[in-house]
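# the following comprises the amino acid sequence and a computationally predicted model.
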Amino acid sequence: MECPDRARKWRFWSVNGDHEKWSNFQNDEILVTCVNEDQMALNSSLEDEGSFPLFQYSTNDGPNVQCSTLNETDPEYPPHPRIVLLGATGVGKSSLGNQLFGCYKKEKDCEYFSVGHGSSSHTTETFWAVGNYMGKGGCVTLVDTPGASDSEGRDYEHALDMANVLKTELQSVDVFLLMFHGGNQRFLASITKLLKLYESIFSEDLWKHAITEITYWKWDTDSVEDRLYDTHINATLKHLQWNQEYREKLGVTIGQVPTVFVDPVFPIFSKNKRNQRKLRRQPEAIEKFVFHTSLLWRLATAMPEFHCKERCTAPQGYFTGTPWVTQPIIKGRLGTTQTSSCQIWKGIVDQSSTDNVKWKINGTTIFEKKTEESLDISSTTKDPDWSDKIKVKEIENEHFSEFQLTLQNLSLDTQGKYSCENDVESTNNEVEMLLIIDGSWSSWGSWSRCSISCLKDGGDPGIRTRSRECILPRNGGKDCIASDSKVQRSCAGDGLNFQFCPINHSWNDWSEWTACSKKCGNGTIWRSRQCQEGRHGGSVCPQTAILEETQFCHLKPCPDCNLENWSLWSTCTVGCLNTMNKYGTKTRTRASDEADPEQPVCDPDDLTESVPCAGDNEFGVTNCPVNAKWTAWSEYGQCSATCGEGKHTRVRTCTEETFGGEPCDQLDGVGQEVSTCRASSGPCPVDCEVSVWSKWGDCSHNCGAGNKKRTRTVVKESNYGGKDCEHLEQTGSCYTQVCPPCDNYL
């Protein structure tokens, strides 16, 4: 007998990093093959004494290890796979659990789970055990749960007990094995209700880890033929029918849930002689048992772990109606919209926990829902001061309600501690909405004193600084850029303009002595010097300054010679004395008369006299006018910017005029030059710039509450560490009109 195509391959839910998906048949399929009768690894010479079970260990059932020797302090204990058995009372959960451990239900010496009868469940609390799969396979953890629709009607308490065990003891499981009696044609209403409760507790991810188990499904030839003849059903049709039930009654949309058909009372592990003889006559049933238990193992070991999350992780008291704010801290930027969710469990019987609910900020009520018990009519009110600041929407589920508080505009005035309250005390009902505030700078302090009191002639300017303090960021805001805390500026003295240091008057060096004015007899020699006037408030040249010096000289005695008077001095060859102390000359002559013409003694050199001069001032030297001039430029001072482009300055001073030269105010050029510079730290941060918000889009629903969106675009991207672009899309609530009532419900 060949396996039907629908039973050859199964898909399973795959988790890969941040991605979740149903497995792909080409890459992740689990191949399952049937074992034909001639392939059965049965021992044909079994003895009637029943000394060992007919079913033998297979490597398909995992590595053969001693599960009893596992270290219970190991973080991975209890071992995976972990399979939770779920189903109504009477579907054989405890019997199946014992059988998956290699125990037959009627043999008390090998019993892990207590077995009940009829509608009376022996399992009144969630219990898990560890053992070898099929008795000698890999280690497996089986979780037995109380039966749904038990004789005392405690489904709700049992479901909460199971959730508590998963949250506190196991933290994760691999498979929710949903067990149904093979004789049932449809879902029982109680099972539908319980599965919805499980889905509310464990979230829709429950179905990604679900496997259907059809119990008491006999595989002997007669039973197979009777089902097909009497009810027109086989395993493939049952699998498809049950998945249709999942879709129609529970809204399951994640794909087909795999199905296995393991009879919990199939006596394959029995040591009874009669049962062993019976098994030899049912090779088809043994084949199917091997097939479906192997399939269950493969599916369970291939599925990723299911971790307790959402309402499964709810704090103590949640399932008794205490409000639970799922996110205790929310941070956002100025003007952003923030939403907090408050979940309140309604339960099954008494659903009054959501009748009277309040949202408060710092103890002040801003929203209130009230219910008149006698009329069962609810009304909501908002504080007038908060009517345009918040929106509250109640989202009702079968087992809980969610009160969504939307803060329209987060600001300093609207940030604070919000609490969701009903008539049940809670310690997990608060959310603190915090405004993210970036670090900012205080006002600039005063300028410091300049590092120099005045600028020396040809020297470099000083520096003065001012600083400011960073007002620390709050609630995760960006810190101040440290390099922006201080700026510097070139200076000389404490005024706005540069203060130059006083320069006192000074003397040039004396010139060299001139030659003696007489070649013979008594003559004179002469030298001179210049006084440089002081500047910038320095001392001036004294009026009694000695600018020239003369001394007598006598080179040799003169012979008798009658000399006439000297002529007037000639015009000086230079009009004035320049800064190089370069003198001109002036001359005078005289005639001579020899006393004894026969013996002339007059020296021709005595007939001409030359002296150094500068101008024709008979009382001294005439100095050439010296125009004012600029000194050399100083080095550039420090750049004014800490990032990007700034300014830096260099200076030069004016050497003032002397002897009637052109003054400083007639010089071309300036004494201070400012040019651009780039800071050593690189370009300045450029913050993101965004456009204004677009118009709101259409409401997502044409009646009732919906959502609308608006967007804005990036005008300039951030760069060099500037503030990033944030909140390019904004969602708001909308309400177009009241929806008409529905006439029919599924």
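Yes, it's here. Quick caveat: nothing in here was measured; it's all calculated off a predicted structure.
# and residue 227, which of the three is it?
Following DSSP: H, G, I helix; E, B strand; the rest coil, we place residue 227 in the helix state.
# how long is stretch 312-332 from one end to the other?
Start and end residues of stretch 312-332 are separated by 28 Å (Cα to Cα, to the nearest Å).
# pLDDT below threshold where in the stretch 251-400 of the chain?
For the stretch 251-400 of the chain, the stretches with pLDDT under 70 are 309-311, 347-351.
# now the strands for it?
Ranges of strands within the stretch 251-400 of the chain are 259-260, 306-307, 324-325, 329-332, 338-345, 357-361, 364-372, 377-382, 390-396, 400-407, based on DSSP state E, counting those that start in this stretch.
# with distance to residue 607 added, can I get the ones you listed in JSON lines?
Bear in mind the C-beta positions are built from the backbone N, C-alpha and C, glycine included. Output for the strands of the stretch 251-400 of the chain, formatted as JSON lines (distance: least, Cβ to Cβ, whole Å):
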{"stretch": "strand 259-260", "distance to residue 607": "148"}
{"stretch": "strand 306-307", "distance to residue 607": "129"}
{"stretch": "strand 324-325", "distance to residue 607": "125"}
{"stretch": "strand 329-332", "distance to residue 607": "111"}
{"stretch": "strand 338-345", "distance to residue 607": "116"}
{"stretch": "strand 357-361", "distance to residue 607": "120"}
{"stretch": "strand 364-372", "distance to residue 607": "123"}
{"stretch": "strand 377-382", "distance to residue 607": "127"}
{"stretch": "strand 390-396", "distance to residue 607": "122"}
{"stretch": "strand 400-407", "distance to residue 607": "117"}
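# and the residue nearest in space to the middle of the chain, what is it in contact with?
Nearest to the mean C-alpha position of the chain, counting by Cα atoms, centre = their mean, stands residue 476 at 9.8 Å. Neighbouring residues of residue 476 by Cβ atoms under 8 Å, 6 or more residues apart in numbering: 331, 436.
# next, give phi and psi for it.
With angles defined as degrees, to the nearest 10, residue 476 sits at phi 90, psi 10.
# likewise for residue 483?
According to degrees, to the nearest 10, residue 483 has phi -70, psi -10.
# tell me the contacts of the closest residue to it other than its chain neighbours?
Among residues not flanking residue 483 along the chain, residue 642 sits closest, at 4.2 Å (Cβ to Cβ, 6 or more residues apart in numbering). Neighbour list for residue 642: 483, 484, 486, 487, 679, 681 [criterion: Cβ under 8 Å, 6+ apart].
# which among those end up buried?
For these, a burial check counting by 16 or more other Cβ atoms under 10 Å picks out 484, 487, 679.
# among the residues you listed, which ones are in helices?
Under the assignment DSSP state H, the buried ones among the contacts of residue 642 contribute nothing to helices.
# related to what we said a few turns ago, local confidence estimate at the residue nearest to the centre of the chain?
At residue 476, the model reports a pLDDT of 91.
# how close does it sit to residue 332?
As judged by Cβ to Cβ, to the nearest Å, residue 476 and residue 332 stand 10 Å apart.
# could you name every residue contacting both of the two?
residue 436.
# residue 729: which of the buried ones among the contacts of residue 642 is nearest?
residue 484 (31.9 Å; Cβ to Cβ).
# report the distance from the biggest helix by length in the chain to the chain centre.
Secondary structure assigned by DSSP H gives helix 283-302 as the longest helix of the chain. Distance of helix 283-302 from the chain centroid (Cα atoms, centre = their mean, to the nearest Å) equals 48 Å.
# which elements pack onto it?
Helix 283-302 makes packing contacts with strand 30-31, strand 175-181, strand 210-215, strand 259-260 when contacts are defined by 3 or more Cβ pairs under 8 Å, 6 or more residues apart in numbering; DSSP states H and E.
# where does the stretch 101-250 of the chain dip in pLDDT?
For the stretch 101-250 of the chain, applying pLDDT under 70 flags the ranges 105-109, 111, 114-124, 147-157.
# hey, what's residue 491 bridged with?
Residue 491 has these beta-bridge partners by DSSP bridges: residue 462.
# wait, isn't it in contact with residue 463?
Yes. Shown here, residue 491 and residue 463 form a contact pair, counting by Cβ atoms under 8 Å, at 6.7 Å.
# pipe the buried ones among the contacts of residue 642 into a markdown table and attach distance to residue 180 and pLDDT per row.
Shown next, in a markdown table, are these (distance: Cβ to Cβ, whole Å; pLDDT from 0 to 100):
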| residue | distance to residue 180 | pLDDT |
| --- | --- | --- |
| 484 | 70 | 84 |
| 487 | 79 | 89 |
| 679 | 75 | 78 |
